[in-house]
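S.K.: What would the 3D arrangement of this be:
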Amino acid sequence: MQVTQAYRALAACTTRYEAEGRWWSGTELHKLWNQLKKSDPALSWWGENSKCAYQEAFRDLDRALRDFAKSCRGARKGKRLGFPRFKKRGQCRDSFRLTGTLRCEGRTVTLPRLGTIATHESTRKLARRLANGTARILSATVSRTAQRWQVSFT
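M.R.: A predicted model of the protein is given here:
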């Protein structure tokens, strides 16, 4: 069974938190991942994917850990947060976020490493706003709902 990098990162943070009372930052997790993927031959598949997906997962974990720490100190408004947990297979939404060169033209979207993908709806209005400079795509979230993949832009 292939373990996702976010799962490995959360396991590493949990282990370090139990031992030292602190965890890895998003940058440190990315450095650890770079060392691990070069040394472990079982991770040869990583080059087929966009590096943005890993970076965003590490950033999300870092943000969740910082929010947990603020919640423990009482510096965060809202309900008290617990330590981040592992996702359950089949009970969570499959999704990943991409940054970098994101383009849309007519009825297609171009995403890093995935290439040009046809869309159900026209993206002409968004492409026109991008060309005029009145809009900017920061990231794209690719998610799966009912065996259909969808992309949403931020």
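
S.K.: And the longest helix anywhere in the chain, what does it pack against?
M.R.: Across the chain, the helix with the greatest residue count (assigned by DSSP state H) is helix 51-73. Contact analysis of helix 51-73 by 3 or more C-beta pairs under 8 Å, 6 or more residues apart in numbering; DSSP states H and E lists helix 5-20, helix 26-39, strand 94-98 as its packing neighbours. Yep, even glycine has a C-beta here, placed from its N, CA and C like the rest.

S.K.: Convert the first one to CSV, retaining C-alpha atoms only.
M.R.: When you say that, I think you mean helix 5-20. Provided in CSV are the C-alpha atoms of helix 5-20 (Å, rounded to 0.1, in the frame of the first residue of the first chain):
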residue,chain,number,x,y,z
GLN,A,5,3.4,12.1,1.8
ALA,A,6,1.0,14.1,4.0
TYR,A,7,0.4,10.9,6.0
ARG,A,8,4.2,10.4,6.4
ALA,A,9,4.6,14.1,7.3
LEU,A,10,1.9,13.9,10.0
ALA,A,11,3.4,10.7,11.4
ALA,A,12,6.8,12.4,11.6
CYS,A,13,5.3,15.5,13.3
THR,A,14,3.4,13.3,15.7
THR,A,15,6.5,11.3,16.6
ARG,A,16,8.6,14.5,17.1
TYR,A,17,5.8,16.2,19.1
GLU,A,18,5.6,13.2,21.5
ALA,A,19,9.4,13.1,21.9
GLU,A,20,10.4,16.8,22.0
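
S.K.: Just list the residues touching the spatially closest residue to residue 122 that is not a sequence neighbour, thanks.
M.R.: The shortest distance from residue 122 to any residue other than its chain neighbours is 5.6 Å, reached at residue 107 (C-beta to C-beta, 6 or more residues apart in numbering). The neighbourhood of residue 107, defined by C-beta atoms under 8 Å, 6 or more residues apart in numbering, consists of 118, 119, 121, 122, 123, 124.
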